[in-house]
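# Mind folding the following:
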Amino acid sequence: MDLNKKLEELKPYQLNCNVFDVYSYNGLTMQDLLCQFFTKINECITVSNETIDLAKWLVNEGLEIEVVKKLMLWLEDGTLENIINVNLFNSLNDKINNIENNNNDFILYSFFRSAGSPVKNDLYISNDGDTLKRINSQSIADAKDPSIIYKNGWWLIAGTSYNPHDFAIYRSKDLVNWTKHEISVGLYNDVNNRIWAPEWFEDDNGDLYILLSVKVKEEYDKDGILIPSFRSYITKCNNIDRLEFTSPTLLNLEDKNKIDPCLINVNGVYHMFIKDEFDKYTEHWTSTDLTSWTYKKDITSLGDYVEGQTIIEYNNKFYLYADAFKGDMGLVYYVTSDDLETWSDRKTVKVGFNRVRHGTALVIKDNKAKQDIQKFTLSNLAIPRHNMRSKGYTLNQFVNDDNVIENLEIIDNCVYSITNNEHFTINSFKNPNNAKCFYLYLSTNDKGSITINCNNQIVGVPNGYVYNAEYGDNDTLIKFIYSESIGKFKPTTISNAFLVKKNQLKKGGWKTVTLSSQTIESLEVEDGVVYRVNGGQDVVINGVSSSASGTHFYLMLASGGSGSITVNSGTNITVPGGSFVINSSSGKNDVLFEFIKVDGSTFRLRQ
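Just a heads-up that it's a prediction; the model follows:
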């Protein structure tokens, strides 16, 4: 292949990514603008891929030195300027710096990703309070419970610190370069050794405060769990440059376990939203002086087991966000109100496949702050970013009032899960993204279930089939893969062949052993055998014999009346909750239960 011919094929592409020349900025939201910009970036990527293919060929041919010499000549004679128009990039930067006429406010959010280590922070923007877009490619800080604010040219993130300091502040002028400052305001001691979730609050007169939650003792919550008991304090920032704070003042609330306060001033009335650590609900309190507080009510529509509240007013509506902390799911809920009295039903913020935990929402009105965010966003576009969540959603986001899901949209390699005692039915799927695989996951140890009613889209699972935590499907990842030949999904954990085998065993087609009333310390099991208990008989099994990995046996209560089989975790066998009971009163009679010897472990239950 001739080098000169190849170089001639490099046409002088003009990199026209100046979206401001193509689209007027005024009237566009930040999200709209970025969508336009991404379109131009994609055009550039196509050209770049062609260039990369050529570069690989040049390397393979050993022609790098000749190419470098040619590029040096292009730099000298101005040819390179015709390929990349640097002036357009300069124009783009000028337009960013000239946005005084832009009246489009938007919301900035700071979140951390997970309760695990290391702690990482992300920034998001939104123009509707519902759909959020992450704007950083790499973590900007390592603050747990990050609360962000913009003041006097400073970006400040307050976060939970650890002994012996009270909290930490990360400070930046450009959202890129951050300096960590450990702050002590005199709260920490041997008893008050947990000071959590510092929250910024700027009053209407410009005064800046931080709210803190301080451990004072331990108490039991509604679940009977002994947890830290917190009281809330407020401290004023007297000097933003030197980060000087006043001595903290205890918030005059009832003497109960409360944490994570956030504030907003509306027409001279301070509204506080704070978590009751006993019952896990969000409370609403009011004050006219930040000193005396009056309880209003619980925000019940936000639900319980939420924390890390943050409140804003945006486009004449109030948005109250909270972290769905239980299980470290990485989800944030929100409710809205027109008057802080009546609240909407709960929704989940849309963040793609990212994880979001306890953070703060901040309405951006200042033009300099907007410039900082826009520059930061554009500078991060070229840096690869990674999803911070294994793709997953809880199914409670998609159910209607009857706990039914119509047209669940499948996302490739995504996990759809239930928790607690949720019982949902999936009536249909849709697959607009040509997903090849998805999972159902019952993460509950209780009695949750997922019923499948869509055998026209899934093979191997009959209509009405129930994946049931009570019957051994808990903590099970059920994988569905897409079959190109039949155009349907099929499960890998259950199939028509498996169901046929179960039916054969129910009919006594394979070896069956009948057990009478007794307590069996170690049941001698054989591979593929059904151990049957008839009506009026009560059998307790405390262990089973040692077997090779993959060995399976079955238990069945063949009775429409009395009788039971109790299996306790013991020698060579483990059951959910330590004890599993099969009886007619719970509807488990005439049901075949399979136990499988797991490699390197014990027999486990699988329906």
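
# what about the strands in the stretch 51-200 of the chain?
Taking DSSP state E, counting those that start in this stretch as the criterion, the stretch 51-200 of the chain carries its strands at 106-112, 121-126, 133-134, 144-151, 154-160, 167-172, 179-183, 195-202.

# In its sheet, which strands sit next to the third one, and in what direction?
Within its sheet, and counting by DSSP bridges, strand 133-134 is paired with strand 121-126 (antiparallel).

# by how many degrees do the partner strand and strand 167-172 diverge?
Angle of strand 121-126 versus strand 167-172, following axes from the mean of the first three to the mean of the last three Cα atoms, to 10 degrees, is 60 degrees.

# what's the angle from strand 121-126 to strand 154-160?
Using the same axes, to 10 degrees: strand 121-126 against strand 154-160 is 120 degrees.

# Centre-most residue in the chain?
The residue lying closest to the centre of the chain (Cα atoms, centre = their mean) is residue 330, at 2.7 Å.

# these two touch, right, that one and residue 359?
No - using Cβ atoms under 8 Å as the test, residue 330 is too far from residue 359 to be in contact (11.6 Å). (Glycine included, C-beta is placed from N, CA and C.)

# Give me the mean pLDDT for stretch 133-140.
Across stretch 133-140, the average pLDDT comes to 85.

# circling back: now the residue nearest to the centre of the chain, what are its backbone angles?
Torsion angles at residue 330 (phi, psi; degrees, to the nearest 10) stand at phi 80, psi 30.

# which non-adjacent residue is nearest it?
The shortest distance from residue 330 to any non-neighbouring residue, by Cβ to Cβ, 6 or more residues apart in numbering, is to residue 355 (3.2 Å).

# Report the secondary structure state of that neighbour.
Per DSSP: H, G, I helix; E, B strand; the rest coil, the local secondary structure of residue 355 is coil.

# What ranges does the stretch 251-400 of the chain have for its helices?
Assigned by DSSP state H, counting those that start in this stretch, the stretch 251-400 of the chain shows helices spanning 367-380.

# buried sites along stretch 572-580?
By 16 or more other Cβ atoms under 10 Å, the buried positions in stretch 572-580 come out as 572-576, 580.

# Taking these together, which two end up most distant?
Among the buried residues of stretch 572-580, the pair separated by the greatest distance (Cβ to Cβ) is 572 and 576, at 16.3 Å.

# And the residue nearest to residue 330, how close does it get to residue 375?
Distance of residue 355 to residue 375, computed by Cβ to Cβ, to the nearest Å: 26 Å.

# Could you pull out the helices in the stretch 501-607 of the chain for me?
Counting by DSSP H, counting those that start in this stretch, the stretch 501-607 of the chain has no helices at all.

# Sketch out the low-pLDDT regions of it for me.
501-510, 559-561, 586-587, 607 (pLDDT under 70).

# Local confidence estimate at the residue nearest to the centre of the chain?
For residue 330, the pLDDT comes out at 84.

# Begin at 8 from now on, thanks
I'll keep to 8 as the first residue from here, and by that count the last item is residue 337.

# Could you check how far it is from residue 361?
Plainly put, residue 337 is 8 Å away from residue 361 if you go by Cβ to Cβ.

# just residue 233 next, same as before
33 Å.

# tell me which residues in stretch 344-355 are buried?
Neighbour-count burial for stretch 344-355, counted by 16+ other Cβ under 10 Å, picks out 344, 347, 350, 353, 355.

# returning to what we had before: lowest average confidence across the strands of the stretch 58-207 of the chain, which one?
Ranked by mean pLDDT, the strands of the stretch 58-207 of the chain bottom out at strand 140-141, with a mean of 90.

# how far does it sit from the chain's center?
13 Å (Cα atoms, centre = their mean, to the nearest Å).

# Give me the buried positions along stretch 591-607.
Quick answer for stretch 591-607 (16+ other Cβ under 10 Å): 591, 595-596, 598-604.

# And for residue 441, the neighbour number?
For residue 441, the count of nearby residues is 8 (other Cβ atoms under 10 Å).

# Tell me the confidence at it?
For residue 441, the model assigns a pLDDT of 76.

# thinking again about what came up before, residue 126 is in contact with the residue nearest to residue 337, correct?
No - using Cβ under 8 Å, residue 362 is not in contact with residue 126; the gap is 11.7 Å.

# Mutual contacts of these two, please.
Residues touching both residue 362 and residue 126 (Cβ atoms under 8 Å, 6 or more residues apart in numbering): residue 120.

# Where do the strands of the stretch 258-407 of the chain begin and end?
Ranges of strands within the stretch 258-407 of the chain are 265-273, 276-283, 289-294, 301-305, 314-321, 324-330, 339-344, 354-355, 364-371, 399-401, based on DSSP E, counting those that start in this stretch.

# Which neighbours in the sheet does the fourth one have, and how are they oriented?
Looking back up the chat, that one is strand 301-305. In the sheet, strand 301-305 lines up against strand 289-294 (antiparallel) (DSSP bridges).

# Check what contacts the partner strand and list those residues.
The contact list for strand 289-294 (Cβ under 8 Å, 6+ apart) reads 260, 265, 276-283, 300-306, 309, 313, 316, 327, 329, 347.

# and if you look at stretch 216-225?
165, 173-174, 192, 194, 198-210, 233-244, 252, 255, 258, 265-270.

# Buried only: go through those residues for me.
Applying 16+ other Cβ under 10 Å to those flags 165, 173-174, 192, 194, 199, 202-209, 235-244, 252, 255, 258, 265-270 as buried.

# Just give me the lowest mean pLDDT stretch among the strands of the stretch 258-407 of the chain.
When I compare the strands of the stretch 258-407 of the chain, strand 399-401 is least confident, with a mean of 74.

# and residue 570, how far is that from residue 582?
For residue 570, the distance to residue 582 equals 19 Å [Cβ to Cβ].

# What of residue 333?
Taking Cβ to Cβ, one finds residue 333 at 25 Å from residue 582.

# do the same with residue 206
Residue 206 is 45 Å from residue 582, where distance means Cβ to Cβ.

# Thanks a lot, catch you later.
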